[in-house]
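Undergrad: With the sequence up front, the predicted model follows.
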Amino acid sequence: MPFTKHRRFHATSLALALGAATLTACGSSDDESQAESGPAALTYWAWTPGMDKVVDLWNKGPGKKEQIKVTVKKQASGDTLVTKILTAHKAKKAPDLVQAEYQALPTLVSNDALADISGEVGKAESEFPAGVWQQTTLGSDAVYAVPQDSGPMMFYYRADLFEKYGLKAPATWDEFAKTARALKKKAPDKDLTTFSANDSGLFAGLAQQAGAKWWTTEGEKWKVGIDDAATRKVADFWGGLVEEGAIDNQPMYTPAWNKALNTGKQIAWVSAVWAPGTLTTAAPDTKGKWAMAPLPQWSKGENTTGSWGGSSTAVTTDSDHKGAAAKFAAWLNTDPKALGALAKEGGIYPAATAAQTSGAFAEPPAFFAGQKDFYPRAAEIAKTAAPGAWGPNVNVAYTSFKDAFGSAAKNKSDFGDALTTMQDATVADLKKQGFGVAP
Amino acid sequence: MTSARPRRRTSHGTRSAPYAFLFPAALLFALFFALPIGYALWLSLHKVEVDGLGLGKNARHEVWAGIGNYTDALTDSELLHGALRVLGYGAIVIPVMLGLALLFALLLDTERVRLTPFTRLAIFLPYAVPGVIAALLWGFLYLQDVSPFFYVLDKLGLPQPDLLDGGPLYLALSNIAVWGGTGFNMIVIYTSLRSIPAEVHEAAKLDGCSQLQIALRIKIPMVAPSLVLTFFFSIIATLQVFSEPTTLKPLTNSVSTTWSPLMKVYQDAFGKGDINSAAATAVIIAVVTLLLSFGFLRAANSRTKKEATR
C-alpha cells in the first residue's frame, strides 16, 4: 500500500511538472512591453546585414541621451517577415519597429499593424523623392513608415562583349529588342538577357516605368489596374521577345543563371541599383567588365525608371513607445552618420536624396571600378523613379504572376493571357476578402 | 461486512491509479494534438472580412463562414490538379521505391553475399540526408548548364532532355524520393527477413528450392506484414510531398507555387495570408490521407485474415 501511494505521488508530481513546463513554454516572452515610464527599450525586426552596428551608433549616441535603447533582431527578408509580423500582431506582440518593403505597407496597414507616425516624422518628407515618400502615406494624410532604401532600375551590360559584337546600350525598348535580335544573329548560342518569372518585383518595376498604377482608390473602393494598357504594353513586349526566341525564358537566381552571367552566355541584365552586389556573387569572373546605363525608355526623350526593391522602417501599433520608436526611425533614415553606416555595413542604397551623393558613394562599387560616375549617375536616375501604387493584396498578385508568367514563359505563349489571369486572381481575392472593388 | 471496507478502499486506490498514469500523456495529447486540431477546425469554419478600403482601425473582423472555405477548396481546380499531380508522382515513387527496397533486402539476405554491412549502409545513407539538401543536390544535377551528367551527354553527342519540364519533371521528382527513401524501407524489410528462422530456409533447400524460389515462395510471403507497413508509410509520405517540389521550384518555370496540395496550403497561409482557407484545405488533406492510408491498412488486414483462415 505505501508503495503504491508513493508511486502515485511521483506520477502526479511528474504530471504536474510536465504540465507546468508546457504552460510556461506557451506563455513565455511577454515581458518586453512592461517599461511604462522612464527609459524606453525597443525591439526592431530587420534583415539588412550589419544593422546591429548601425543601431550601436544610436545606442551610444542620441539614444543614450534620450534613454531610448534599440535592440535589433535579425529576420528573414521580404514576404516571410510580413507573415511573421502579422502573426505576432495577432497576439498583440509585434516588435516596436519593423523593416518592411514598400509594397507590403498596404497589407500591414490594412491589418492595423502599423501606427500613423505623421506627427513625429512628417517633417522628414522633404528629404526624400516624392515618388518614394508617397508610398509610405498610401495617398492619405497619415505616414506609416520612413523610407530607408530604394531600388531605382537600370540597365546593366557587358561592355566588353557589347563592343565585340558591335552593340550599343539601347536607349529605347525598341532598340533593346533590336539589340537582342542582332546578338542572336551574330552569336546564336548567346542571349541578351532572360525573362524571369520568379521575381515579380522586376515586372512590377517595368510596369511602373511604363506608367502603370496597379492599385488605386476610388472613394471607398480599390481599383485594380494590373491589366491596364501600360502593363499590357510591357507584357506584350517581353512575351514577343520570348516567343521569337530573341531572349532566354529561364528563371534567374539559379545556378544555371549564375553560370550564364559568369561565362558571358547572357550579356545584359535589367536590374536595379543593387545589382553590383548580386553580380559580385553570381558572376565573380566578370569583375570590371560590366557597365551601367539608364533603363531603356518607351519613347525617345522620355526619362523615367521604375523601382525594384527598397524598404522602409515602420512603427507598429503594438508598440508602447511609438513616439520614441518614430524618433529612432527618423534618425536611422535621415541622419548622415546613420545613412553612411547603413551604406557601409548594410550595402543599401539610401532613399534620402542627400545621402545618395554623400561620401559613402564617392567611389563606384568595386565590381564597377571602371565606371567612375556610377553613383552620380545612379543618383540622377533615382530622381526619375515613377511612383509605386500598391494595394492590400500585392502578395496575391505576385504569386499569381509567378505561376501565370512562369508557365507562359515556359510555353512561349501569350503573355497577355497571363496578365489577365493575374488581374482576375487579384480582383477575385479582394472581393473574397470583402474589400470594396471598383469595376 | 467487516472485511468489506478495506477491500473497497484498495479497489478505489487501484482504480484511480491508471488515470494518474494516463494524465501526463492525456495532457500532452490535449495540449499539442487535440487543441491545435480543434483550433484548425475552428479557423476553417471562419473567415476574415474587410470593409471598404480595409485601411484604418477595425477594418477587419472574423466572421462565421460555415462550410464556405471547404466548398471553395473542393471546387478549386488548382487543388484538384495538385492532387492529380501528386497521384502521378506517387504512382511512380511507391512501386519503384518499394520494389527496389524489397530487391535490395532480398539480395542482402542471400547467402554468400560479401560486404553486407557496407552495402547496407551505403544504400541506407541517402535516408540520412535531409530532404531539402537531397532536392538541392539533385536540382543542381538536373540543370543543363551546371550538371556534369549533361556535360558527359554533350561530349558523347547524346540528346539532352530538359529534366525539369513536363513528364520528365515527374521522373526527376520521383527520383529524389526514391533515392532518399529506398534505404529506409530496405532496412525495415531486411530486418524482418533476418527474423525468419534459419530452419525454414534449410528445409526449403533440402527440398531442392533454388534461391529464387526461396525468395518468391517463402521470404516474400513471410515479410508481407512489413511490406504492408512500408506501403502504408509511403502513401502518407507521398500525399505530404512538399520539400522536393518547393526546393526545385526556383530552378524552373514548370513547378507552380501550388504544385502539390500541401504547397497550396503553405501558399494560402503564408503567401496570401489567408489562414482560414489554408486550415480548410489542411483538414481536407488530413481526412483524405486518413481515409487512403487506413483504408489500405484495413484492406490488407482483411486479406491476411482471409488467407490465415484458408
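TA: Cool, the structure landed.

Undergrad: B:K47 should be in a strand, yeah?
TA: Yes: with DSSP: H, G, I helix; E, B strand; the rest coil as the criterion, B:K47 is part of a strand.

Undergrad: residues contacting it?
TA: Neighbouring residues of B:K47 by CB atoms under 8 Å, 6 or more residues apart in numbering or on different chains: B:62-63, B:65, B:68-69, B:276-277. The way it works is simple: take the backbone N, C-alpha and C, and place the C-beta from them, glycine included.

Undergrad: Could you do B:L98 as well?
TA: Contacts of B:L98 (CB under 8 Å, 6+ apart): B:185, B:227, B:230-231, B:234.

Undergrad: mind giving me the domain split of the chain?
TA: No chain was given, so I picked chain A. Per automatic domain parsing, the domain ranges recorded for chain A read A:38-150+A:308-366, A:152-307+A:381-433.

Undergrad: The chain in question should be chain B.
TA: For chain B, automatic domain parsing gives the domain ranges B:4-64, B:76-309.

Undergrad: Which secondary structure element is home to whichever residue of the stretch 201-310 of chain B sits closest to chain A?
TA: Closest approach between the stretch 201-310 of chain B and chain A, counting by CB to the nearest CB: B:N253, at 4.0 Å. Using DSSP states H and E, B:N253 maps to neither a helix nor a strand.

Undergrad: For it, grab the count of nearby residues.
TA: Look at B:N253: counted by other CB atoms under 10 Å in any protein chain shown, it has 24 neighbours.

Undergrad: ditto for A:A177
TA: Here the count is done by other CB under 10 Å, and A:A177 has 20 residues near it.

Undergrad: So B:L291 versus B:I284, what's the distance?
TA: Note on B:L291: its distance to B:I284, by CB to CB, to the nearest Å, is 11 Å.

Undergrad: meant to ask about A:W390, not that
TA: Using CB to CB, we find A:W390 at a distance of 33 Å from B:I284.

Undergrad: Any chance of a markdown table for the domains of chain A, columns distance to chain B and mean pLDDT?
TA: Listed next are these as a markdown table, based on distance: least, CB to the nearest CB, whole Å; pLDDT from 0 to 100:
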| stretch | distance to chain B | mean pLDDT |
| --- | --- | --- |
| domain A:38-150+A:308-366 | 4 | 91 |
| domain A:152-307+A:381-433 | 4 | 94 |
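
Undergrad: Would you format those domains as TSV with distance to B:P161 included?
TA: Converted to TSV, the domains of chain A look like this (distance: least, CB to CB, whole Å):
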stretch	distance to B:P161
domain A:38-150+A:308-366	34
domain A:152-307+A:381-433	15
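
Undergrad: Looking at these, spot the one closest to B:A172.
TA: domain A:152-307+A:381-433 (14.6 Å; CB to CB).

Undergrad: Compute the first-to-last residue distance for that closest one.
TA: Domain A:152-307+A:381-433 stretches 33 Å from its first residue to its last (CA to CA, to the nearest Å).

Undergrad: ditto for stretch B:44-61
TA: Per CA to CA, stretch B:44-61 runs 15 Å from first to last residue.

Undergrad: For that stretch, what does the pLDDT average out to?
TA: For stretch B:44-61, mean pLDDT rounds to 82.

Undergrad: swap in stretch B:155-167?
TA: Averaging pLDDT along stretch B:155-167 yields 85.

Undergrad: got the buried residues for it?
TA: B:163-164 (16 or more other CB atoms under 10 Å in any protein chain shown).

Undergrad: how long is that stretch end to end?
TA: 25 Å.

Undergrad: Might you calculate how far that stretch sits from the centre of the chain?
TA: Taking the mean of its C-alpha atoms, stretch B:155-167 sits 29 Å from the chain's own mean (CA atoms, centre = their mean, to the nearest Å).

Undergrad: what sits up against it?
TA: By CB under 8 Å, 6+ apart, stretch B:155-167 touches A:410, B:142-144, B:150, B:153-154, B:168-169, B:171-172, B:248, B:251-252, B:254-255.

Undergrad: What is the strand or helix carrying B:T281 packed up against?
TA: Element membership for B:T281, per DSSP H and E: helix B:275-309. Helices and strands touching helix B:275-309, by 3 or more CB pairs under 8 Å, 6 or more residues apart in numbering or on different chains; DSSP states H and E, are helix B:35-44, strand B:46-50, helix B:68-75, helix B:77-109, helix B:224-239, helix B:261-266.

Undergrad: The stretch 251-400 of chain A: helices as residue ranges?
TA: Here the stretch 251-400 of chain A has its helices, by DSSP state H, counting those that start in this stretch, at A:255-262, A:275-282, A:322-334, A:336-341, A:374-382, A:394-411.

Undergrad: Figure out which of these is closest to B:A300.
TA: helix A:394-411 (38.5 Å).

Undergrad: What is that closest one packed up against?
TA: Applying 3+ CB pairs under 8 Å, 6+ apart, one finds that helix A:394-411 contacts helix A:79-90, helix A:105-110, helix A:200-210, helix A:415-433.

Undergrad: and the longest one, how far out from the chain's middle?
TA: Here helix A:415-433 shows a centroid-to-chain-centroid distance of 22 Å under the convention CA atoms, centre = their mean.

Undergrad: angle of it against helix B:275-309?
TA: Per axes from the mean of the first three to the mean of the last three CA atoms, to 10 degrees, the angle that helix A:415-433 makes with helix B:275-309 is 90 degrees.

Undergrad: Give me the contact list for helix A:415-433.
TA: Outside helix A:415-433, the residues that touch it by CB under 8 Å, 6+ apart are A:222, A:224, A:226-227, A:231-232, A:235-236, A:238-239, A:242, A:391-393, A:396-397, A:400-401, A:404-405, A:407-408, A:437, B:48-50, B:54, B:272, B:274.

Undergrad: Show me what from the stretch 51-200 of chain B comes close to chain A.
TA: Neighbours of chain A within the stretch 51-200 of chain B, by CB under 8 Å from any CB of the partner chain: B:51-60, B:140, B:143-146, B:165.

Undergrad: Tell me which entries of those lie within strands.
TA: Among those, the members found in strands (DSSP state E) are B:R60.

Undergrad: just to revisit the earlier point, now, of the contacts of B:K47, which are buried?
TA: B:65, B:68-69, B:276-277.

Undergrad: any idea which residue sits dead centre in the chain?
TA: Here I'm looking at chain A. The centre of chain A sits closest to A:G309, judged by CA atoms, centre = their mean, with a distance of 3.1 Å.

Undergrad: Wait, chain B was what I had in mind.
TA: Geometric centre of chain B, nearest residue: B:A237, 1.0 Å, by CA atoms, centre = their mean.

Undergrad: I figured it was touching B:G181, is that so?
TA: Yes: shown here, B:A237 and B:G181 form a contact pair, counting by CB atoms under 8 Å, at 7.1 Å.

Undergrad: Just list the residues touching the residue nearest to A:A338 when sequence neighbours are not counted, thanks.
TA: Once flanking residues are discounted, A:A338 sits nearest to A:L332: 5.1 Å by CB to CB, 6 or more residues apart in numbering or on different chains. By CB under 8 Å, 6+ apart, the residues touching A:L332 are A:54-55, A:58, A:146, A:148, A:313, A:338, A:342.

Undergrad: where are the low-confidence patches of the stretch 1-150 of chain B?
TA: Low-confidence segments of the stretch 1-150 of chain B (pLDDT under 70): B:1-13, B:56.

Undergrad: Let's see that with 90 instead.
TA: With pLDDT under 90 as the threshold, the stretch 1-150 of chain B has low-confidence stretches at B:1-18, B:48-63, B:65-66, B:109-117, B:119-120, B:143-150.

Undergrad: What of the stretch 201-310 of chain B?
TA: For the stretch 201-310 of chain B, applying pLDDT under 90 flags the ranges B:201-202, B:204-205, B:207-218, B:250, B:252-253, B:268-275, B:292-310.

Undergrad: All set now, cheers.
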